[in-house]
Every structure is written in structure tokens, then in C-alpha cells.
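[1] coordinates for the following, if possible.
(one chain, ligands or ions: 2)
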Amino acid sequence: METKLRIAVQSKGRLYEETMELLSEAGVKMTSVKRTLLVPSRNFPVELLFLRDDDIPESVAMGTADIGIVGLNEVLEKDKAVEVIKDLGFSKCRLSLAIPKRIEYNGVEWFNNRKIATSYPVILKKFLNDNNINADIHVITGSVEIAPGIGLADGIFDIVSSGSTLVSNNLVEVEKVLESQAVLIGSSKNALSSEKQAILDELLFRFDAVKAADGKKYILMNVPREKLDEVLAVLPGIKSPTVLPLANADWCSVHTVLEEKRFWEIIGKLRAVGAEGILALDIEKMVL
Ligand code: PRT
Ligand code: ZN
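    Numbering: from 1, shown residues only. Ligands and ions are numbered 1, 2, ... in the order given. Here you go, the predicted structure:
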């Protein structure tokens, strides 16, 4: 039977969409859209094991799955025998301490002898120990942010993304403890077989190509020959742009790759020096 690399992924929730998108952009097509527990790819030697995110670190540590895609916060909280192979750059958030906004805060000592509600006791305990704070950790799963309002805790330790959940519960973030994002994990104890390692290497190579293309645009424009040097001077840090002749010998076509965030600034300059017919295309992959 063909060797397959088994990847544990979240079956539904905040990680699901972007995990599937990353795999799809890496050319890994799944056999069925229906989420049964174990789904093989139809064109790449991997199979996806769909789990709750809480169970992903353990499934990788135990060898039920070879690798997994999960939030760094879950990895650190579960504290299993796994290691981060790669940061994936999506589902970014942070784990922070927050307190009611009307209270004066004068540093982390404020938490001494206070009660903190959280779903992340392991990460919180480590932070408190590192800072010599002695607080009472109250573990609750879900709706942690309402705990101070109903008198269940003095403060909370929870995931913050936009911060709007804190605002609507009259809380303010006072300590940022951990920056998190989706990560690819593997076992820190058991090495993969050479066949599985080769599949993983190919997958990592493809993820890099997808990531390199992220936030970049492929730009084509027509430029009067006499303005070519001026146009090339405007284009940032590219080794050698492609310059092609056009049917009209007075003009040429210039192709290059631009960071999306600088797009409008650079397009403005290009137009000012005489570039016309500017086209911007999405780049799916870039192999550097
Ligand atoms: O069912 P399962 O156990 O698999 O999923 P889950 O409910 O445990 O997790 P899920 O799907 O909610 O989140 C999965 C992962 O997404 C988390 O472990 C984080 O790594 C990451 N992530 C990124 C977030 C957020 N952003 C986020 N904003 N997880 C949760 N939130 C919550 C946060 O707790 C807050 O209460 O969303 C709320 C809104 O945040 P604000 O600051 O934008 O208002
Ligand atoms: Zn979960």
C-alpha cells in the first residue's frame, strides 16, 4: 500500500477554512468534501484526520497522526511531546490578561492574590510563576470574558484578536503573554520514516511557495522606450525586471512583482513617468 502522511486538522472552527485553503493552494486535493474522520487526498500522498483542535497535539504525540495543524496556544497549553515544524501565518491572535476597565492597574503585581478565570491554566501558571505572582486560577471553558462581570473572577486570561470582545465586556488588556498563530507540528520523540519525511519535505516546499506569493502582485505595463530607465528606477529591489519588445518599436512591456501594500504608491510613480496599460495579477505560487 502507498505510504501516506497523516495530517491532523481541525474538523470545524476558526482554523478549518484556512487550513483547507493552504492545502488546496499547495495542490493537495481532497477526495470528498464531506468531513468524515479520515479523508485521503486524491492527488498527493496525504490523508487528513479531522479532530477537535484540543486533541491535535496529543494525536501527533501519540503517533495517531504524523503531523498536525493547530494554534500555538493549544500546543503550549497541552504540553505534549510535539515540536513546531513551521509557523503558518494564519489565525493570529494573542493570549492576554485583562481586567475591568474602571480599575487602576499598576503592573503585574496587581494579580497577586487575585482570582483569574481562563481556559489556558498551563500557560497562565507558567507566566505567573515566571513573574513571581501568586494568584488563584479558575478554569472555565467558554465565555471567560463574562467572569469578572458576574463576580466569578477579578480578571481573565484569554485569547484576544480584534479586542472587541474585551471592549464589549468592559475589560482592558493589561498584559500580552503570548503571540499565537497556526503552526505545523510533528512529534518531538518519533522520527518519520524516510518515505513520510520525503512527503513532508515536498509539502513544506509547496507551503513556502504559497507563502512567498502571499501579498504580492504580478505587474505588466507598457512603457515608452525613452522612459524605460526612469520606470526601472521606480521599481523596488528587483534583480532584473523582464523587458519585452512590442509591435510598436517605440514602446516596450515591463513585467515585475510588487508587494501589494506598496501597490498604489508605486503605480502612482509609474504613471507619472509615463507607464500605461498597467495590469496587476494575483500570484498563486512563487518558487524562489
Ligand atoms: O471545536 P474545537 O475545540 O475544535 O474549536 P475551539 O472552539 O476550541 O477553537 P476555535 O475554532 O474557536 O479557535 C481555534 C484557534 O483559533 C484558537 O485556538 C486560536 O489559536 C485561534 N484564534 C484566532 C482564535 C481567535 N483568533 C479568537 N478571536 N480563537 C478564539 N478567538 C475568540 C476569543 O476567545 C474571543 O473571545 O474569539 C473571541 C473574539 O475575539 P476578538 O478579540 O476579536 O473580539
Ligand atoms: Zn478546542
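[2] any idea how far stretch 174-189 is from the chain center?
    Centre-to-centre, stretch 174-189 and its host chain are 11 Å apart (Cα atoms, centre = their mean, to the nearest Å).
[3] so is that stretch next to ligand 1?
    Yes: judged by Cβ under 6 Å from any ligand atom, stretch 174-189 comes into contact with ligand 1 at S180. In short, each C-beta sits where N, CA and C put it, glycine included.
[4] can you give me the end-to-end span of that stretch?
    From its first residue to its last, stretch 174-189 covers 37 Å (Cα to Cα, to the nearest Å).
[5] same check, this time on stretch 254-273
    One end of stretch 254-273 to the other measures 13 Å (Cα to Cα).
[6] hmm, who's touching it?
    The contact list for stretch 254-273 (Cβ atoms under 8 Å, 6 or more residues apart in numbering) reads 215-223, 227-228, 230-232, 234-236, 238, 241-244, 275, 278, 280, 283, 286.
[7] could you pull out the buried residues of it?
    254, 256-258, 266-267, 270, 273 (16 or more other Cβ atoms under 10 Å).
[8] of the residues you listed, list those near ligand 1.
    Filtering those for proximity to ligand 1 by Cβ under 6 Å from any ligand atom leaves nothing.
[9] those in helices, which ones?
    Using DSSP state H, 266-267, 270 are the members of those that sit in helices.
[10] for the stretch 101-250 of the chain, give me the ranges with low pLDDT.
    Regions of the stretch 101-250 of the chain meeting the criterion pLDDT under 70 cover residues 237-239.
[11] show me which residues of it sit near ligand 1.
    145, 158-165, 180.
[12] so which of these is the most crowded?
    Among these, D158 has the most neighbours (other Cβ atoms under 10 Å), with 26 neighbours.
[13] got the contact list for it?
    For D158, the contact set (Cβ under 8 Å, 6+ apart) comprises 95-96, 98, 118-120, 144-145.
[14] the one helix or strand it maps to pairs with which strands?
    Using DSSP states H and E, D158 maps to strand 155-160. Partners of strand 155-160 in the sheet, by DSSP bridges, are strand 93-100 (antiparallel), strand 115-118 (parallel).
[15] buried set for the longest one?
    I take that to be strand 93-100. In strand 93-100, counting by 16+ other Cβ under 10 Å, buried: 93-99.
[16] inside strands: which ones of the contacts of stretch 254-273?
    Among these, the members falling in strands (DSSP state E) are 216-223, 242-244, 278, 280.
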